[in-house]
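# Quick check, what structure comes out for this input:
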Amino acid sequence: MEMVISILAAAVRSGTPILFATLGEIIIEKSGILNLGLEGIMLIGALTGFSVSLASGNPWLGIIAAFILGAFITLIHGFISITLKGNQVVSGLAMTIFGTGVSSLIGKAFIGKTIPGLLKTPFPVLNRIPFIGPVFFNHDLMVYFSFFLVVFLSWFLISTRIGLNLRAVGDSPRAADAMGLNVNRIRYLAVLIGGGIVALGGAYLSVAYNKMWTESMTAGRGWIAVALVIFAIWNPTRAALGAYLFGGVEAFQLRLQATGTSIPTPLLLMLPYLLTVSVLIFISIGKGKGILFGAPASLGQPYFREESD
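Got it, this is the predicted structure:
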């Protein structure tokens, strides 16, 4: 039982950076903007979080700085997609290339350095609940914040006027515009906030999970998050389950390596990505004629206000 609890607790920690990235992307895509730059944004968030934490000695300053810089970096993609009506796929891929290159160049100065980072903070009372306590409530504060974010976004997107407006802009920007909503403003806000949350996923890796900076440390987690958004059908609660599933696969393969299994290490390292490919195949089989079930109807499509039906 202790081994099961250990693996599940590790799954929560391993899945947290993916969860942050997925939740941020859900917010962005709910507005109708497709962002494939998660990998680059996470790397920028990871480098920013680590470098500011190292310089200030305060991990929370690093996390806040990562959110702010991630938000404003994502605005570049927003400007290209919303104002210039550019190709969102190309812009997102450019963001990934940009983030990977910049973080690699600047991050060379931080390789080999470590920080105390965020410490484990058991949640009072709840951490004593058998099984559930050690799995979910014996982590650092950022893990608990991710729990809150899942609950908040689930409520926000369904039960608030702002959330309904966001969904309306993503499903039918023309109808939303006719109702008096400022489509571009709502999309920019979604890109800004969502990008910041994506960057938190990267910051968690360097400030809380690894407590150090290594080149390309996201290791494809941004792409996993892109697939997970579809797997979760743009639902924050399902996103949490999916993130912990991927985290569990990663934790499991690390545990197998530690036990000295005869399975080749490269094959074990492939497990999370094999699961990603399997998810995408499943989704492709289950979708209709090019329309993903649950996807915002205007996802990836620029809105030209002057056009008429």
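
# how close does the closest residue to residue 3 other than its chain neighbours get to residue 19?
Distances taken as Cβ to Cβ, 6 or more residues apart in numbering place residue 255 nearest to residue 3, at 8.0 Å, with adjacent residues excluded. Where C-beta positions appear, they are placed from N, C-alpha and C, glycine not excepted. Distance, residue 255 to residue 19, by Cβ to Cβ, to the nearest Å: 20 Å.

# Which one's more surrounded, these two?
residue 19 (30 against 15; other Cβ atoms under 10 Å).

# host element of that one?
Here residue 19, judged by DSSP states H and E, is contained in helix 2-30.

# Just list what that helix packs against, helices and strands only.
Under the contact criterion of 3 or more Cβ pairs under 8 Å, 6 or more residues apart in numbering; DSSP states H and E, helix 2-30 touches helix 38-56, helix 132-136, helix 141-159, helix 161-171, helix 183-204, helix 221-231, helix 236-258.

# Convert the third one to CSV, retaining C-alpha atoms only.
What follows is helix 141-159, C-alpha atoms only, in CSV (Å, rounded to 0.1, in the frame of the first residue of the first chain):
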residue,chain,number,x,y,z
LEU,A,141,1.5,25.3,-1.9
MET,A,142,1.6,25.4,-5.7
VAL,A,143,0.0,22.0,-5.9
TYR,A,144,-2.8,23.2,-3.6
PHE,A,145,-3.2,26.3,-5.8
SER,A,146,-3.6,24.0,-8.8
PHE,A,147,-6.5,22.2,-7.0
PHE,A,148,-8.1,25.6,-6.3
LEU,A,149,-7.6,26.6,-10.0
VAL,A,150,-9.4,23.5,-11.2
VAL,A,151,-12.4,24.1,-9.0
PHE,A,152,-12.5,27.9,-9.7
LEU,A,153,-12.3,27.5,-13.5
SER,A,154,-15.0,24.8,-13.5
TRP,A,155,-17.3,27.2,-11.7
PHE,A,156,-16.1,30.3,-13.6
LEU,A,157,-16.7,28.9,-17.1
ILE,A,158,-20.2,27.7,-16.4
SER,A,159,-21.7,29.9,-13.7
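
# the inter-axis angle of that helix versus helix 2-30?
For helix 141-159 against helix 2-30, the angle by axes from the mean of the first three to the mean of the last three Cα atoms, to 10 degrees is 50 degrees.

# quick one: buried residues of helix 141-159?
When burial is assessed from 16 or more other Cβ atoms under 10 Å, helix 141-159 yields the following buried residues: 141, 142, 143, 145, 146, 147, 149, 150, 153, 154, 156, 157.

# and of the residues you listed, the nearest to residue 107?
Nearest to residue 107 among the buried residues of helix 141-159 is residue 142, at 20.9 Å by Cβ to Cβ.

# quick one, what contacts the closest one?
Each residue near residue 142 by Cβ atoms under 8 Å, 6 or more residues apart in numbering is listed here: 16, 63, 118, 200, 204, 207, 208.

# and which of those residues is nearest residue 92?
residue 200 (18.6 Å).

# From residue 230, how far out is that closest one?
Counting by Cβ to Cβ, the gap from residue 200 to residue 230 is 21 Å.

# Of the two, give the one with the bigger neighbour count.
Ranked by neighbour count (other Cβ under 10 Å), residue 200 and residue 230 place residue 200 first, with 29 against 21.

# Of all the helices and strands packed on helix 2-30, which one comes closest to residue 72?
Of these, nearest to residue 72 by Cβ to Cβ is helix 183-204, at 7.8 Å.

# For the closest one, list every residue counted as buried.
In helix 183-204, counting by 16+ other Cβ under 10 Å, buried: 183-184, 186-204.

# do the same with stretch 99-106
By 16+ other Cβ under 10 Å, the buried positions in stretch 99-106 come out as 99, 100, 103.

# Need the contact partners of it.
By Cβ under 8 Å, 6+ apart, the residues outside stretch 99-106 that reach it are 37, 39-44, 46-47, 51, 73, 215-216.

# And for stretch 168-177?
Contacts for stretch 168-177 (Cβ under 8 Å, 6+ apart): 29-32, 165, 179, 181, 183, 186-187, 296-299, 303, 305, 309.

# filter the residues you listed to the buried ones?
Using 16+ other Cβ under 10 Å, the buried ones in the contacts of stretch 168-177 are 29-32, 165, 181, 183, 186-187, 296, 298-299, 303.

# Closest one of the buried residues of helix 141-159 to residue 125?
residue 147 (15.2 Å).
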